[in-house]
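**Student:** Requesting a structural model of the entry that follows:
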Amino acid sequence: MLNSDQTELDLPPTHSESESVFSDCGGRAGGAEDSGGVGSRAQSRVSEQGEAVKKDLQHLSREERRRRRRATAKYRTAHATRERIRVEAFNMAFAELRKLLPTLPPDKKLSKIEILRLAICYISYLNHVLDV
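**Tutor:** Predicted coordinates:
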């Protein structure tokens, strides 16, 4: 959205605008020429920027590169998805364990730590029964 101070000329061109500029040149960026055209200059500029980013990242430590990679939205989304799946599996395992433990009333809601403590006591009781 434009501010009252901004004009369209102040904004950088978007991808679709650059395509429309090059569409008059025979349907592909660069026109009829294979090299040296406007499209090849734009491509070389993009590749130079990519190389500059690579050079910028090369001097960083492994830890810093890892931090930067983890800061991307794509990485955060993938990590959040994996974490959600992990937590769901964890909760399902607790639910299965809870079904195996005898409590009164049987449908009593227990916290995870209570489930673990009750499981320890129940296993001890079963060992005692087997030993007798």
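**Student:** Could you double-check that residue 76 sits in contact with residue 70?
**Tutor:** Yes. In this structure, residue 76 is within contact of residue 70 by CB atoms under 8 Å, at 7.5 Å. In this view, the C-beta of every residue, glycine as well, is placed from N, C-alpha and C.
**Student:** Enumerate the positions of the longest helix along the chain that are buried.
**Tutor:** In terms of residue count, the longest helix belonging to the chain (DSSP state H) is helix 73-100. Applying a neighbour-count criterion of 16 or more other CB atoms under 10 Å, one finds 94, 97-98 buried in helix 73-100.
**Student:** Please identify which of those residues is nearest to residue 81.
**Tutor:** Comparing the buried residues of helix 73-100 against residue 81 with CB to CB places residue 94 closest, at 20.9 Å.
**Student:** Distance check, that closest one against residue 88.
**Tutor:** According to CB to CB, to the nearest Å, residue 94 and residue 88 sit 11 Å apart.
**Student:** Same question for stretch 111-120: list its buried residues.
**Tutor:** Using 16+ other CB under 10 Å as the test for burial, stretch 111-120 gives 115, 118.
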